[in-house]
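Student: A structural model of the following input is requested.
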Amino acid sequence: MLYAKLIYLLLLMGLYLFSVMYVDSLAVLLFVTMLCLPVVLFVVHRITSLFVSFSIKSPPSILAEQDQSSYFITANNRSPFPLISCVAFVEIKNELLGTSTIKKCRFSSSAHDISTLKQSISFSQSGNYTLCLKEVQAFSFLSLFRKRWKLNKTISLIKLPEQIPIQLERLSPSTVALDGTVYSKTKSGDDPSEVFSLREFRTGDSLRQIHWKLSTKTDTFIVRENSLPLSADIFLLSAIEKETNKDFTKRLEEGLSLLLSISLSLSKQEIGHVFYWYHASHQQYYHRKIETVEESYHAFYEFLKTPLPLELPKKLPDSLSHSSYFKVSSNPTASFTLEDTYEY
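Tutor: Predicted structure coming up:
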């Protein structure tokens, strides 16, 4: 804008010299017009700014597999004058990592019109992204004047990590409990209080497994498979710490994928569990009880909004002190690891 003002002053000085050297009505008229032009532009620009509003929107709020999305900046110009040049400043922030960038978007808006600017955006990392329309600047003709709108209008986009198919029994052998009230949907066990499935007799089956009443009705031996009880108190702990290593973002993606996949695997088999993560600003562990797939997603969305801690406290939550739990943690020299462990 300073460059435009310097050019205007040079033009004004040139017209002044021209009108002095050549005493002519046309030269004087040009000088007077150029002299009054800023006043006219200022009035028009201020009137236009009273009838303009801006907004930011995004069609998909959750990105499951794609790495690219888009957002839209809309200018509703209800004035009789166009906006020649506008610049929007959008802050894109990853809440999980605490990183942010500012993106500039240039556009214009016709009189009595609603103009929409589409901007593409790519995500290399999973997380909860806030897109904040911080400010819009509109420049007058010749860029002599500028009007600012402090908006701070925010939308959110969630980029989910890749989901890994996980078999619960392979993950959690130590979560088997003799007094469990939740039973496996995919694997049989030794608990006779719940029937897992009924099938025909095979060599090696025990005679005690035969269901005699059904066998007499079907004229073939029917075997009853018992169920595998699972612990009703299963805990999932995020022990991911923010690091400065170059390969951290890659390993972080693996850890996020592991957390979401474990929770979804448990929920799909109707196994309730509790998801724990640490909130550094509040200096405490947050937890959410999860029983359905929808609750798994909602808890994970909330986790993605929490900045990663630089260091976790050594003391675990009291509920994990004598319980078996899954812990997804980072290691500077290796990939993320899954731990099924007991703490005493």
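
Student: residue contacts, residue 305?
Tutor: For residue 305, the contacting residues are 95, 96, 128, taking C-beta atoms under 8 Å, 6 or more residues apart in numbering as the criterion. Where you see a C-beta, it was placed from the backbone N, CA and C, and this is true even at glycine.

Student: how about a cut-off of 6 Å?
Tutor: For residue 305, the contact set (C-beta atoms under 6 Å, 6 or more residues apart in numbering) comprises 95, 128.

Student: swap in residue 312?
Tutor: Listed by C-beta under 6 Å, 6+ apart, the contact set of residue 312 reads 239, 241, 278.

Student: could those go into JSON lines alongside distance to residue 259?
Tutor: Formatted as JSON lines, the entries for the contacts of residue 312 read as follows, by distance: C-beta to C-beta, whole Å:
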{"residue": "239", "distance to residue 259": "10"}
{"residue": "241", "distance to residue 259": "14"}
{"residue": "278", "distance to residue 259": "13"}
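
Student: neighbour-wise, which of these leads?
Tutor: residue 278 (22 neighbours; other C-beta atoms under 10 Å).

Student: Contacts only, for residue 285.
Tutor: Residue 285 makes contact with 276, 278, 317, according to C-beta under 6 Å, 6+ apart.

Student: Among those residues, which ones are in strands?
Tutor: 276, 278 (DSSP state E).

Student: isn't there a helix covering residue 37?
Tutor: Yes. Assessed with DSSP: H, G, I helix; E, B strand; the rest coil, residue 37 lies in a helix.

Student: Nearest residue to it in space, ignoring adjacent ones along the chain?
Tutor: If the residues on either side of it in the chain are set aside, residue 37 comes closest to residue 142, at 7.8 Å by C-beta to C-beta, 6 or more residues apart in numbering.

Student: okay, now the closest residue to residue 304 other than its chain neighbours: neighbour count?
Tutor: If the residues on either side of it in the chain are set aside, residue 304 comes closest to residue 128, at 3.9 Å by C-beta to C-beta, 6+ apart. Look at residue 128: counted by other C-beta under 10 Å, it has 19 neighbours.

Student: mind listing what's buried in whichever strand or helix holds residue 128?
Tutor: Element membership for residue 128, per DSSP states H and E: strand 127-139. For strand 127-139, burial by neighbour count (16 or more other C-beta atoms under 10 Å) applies to 127, 128, 129, 130, 131, 132, 133, 135, 136, 138, 139.
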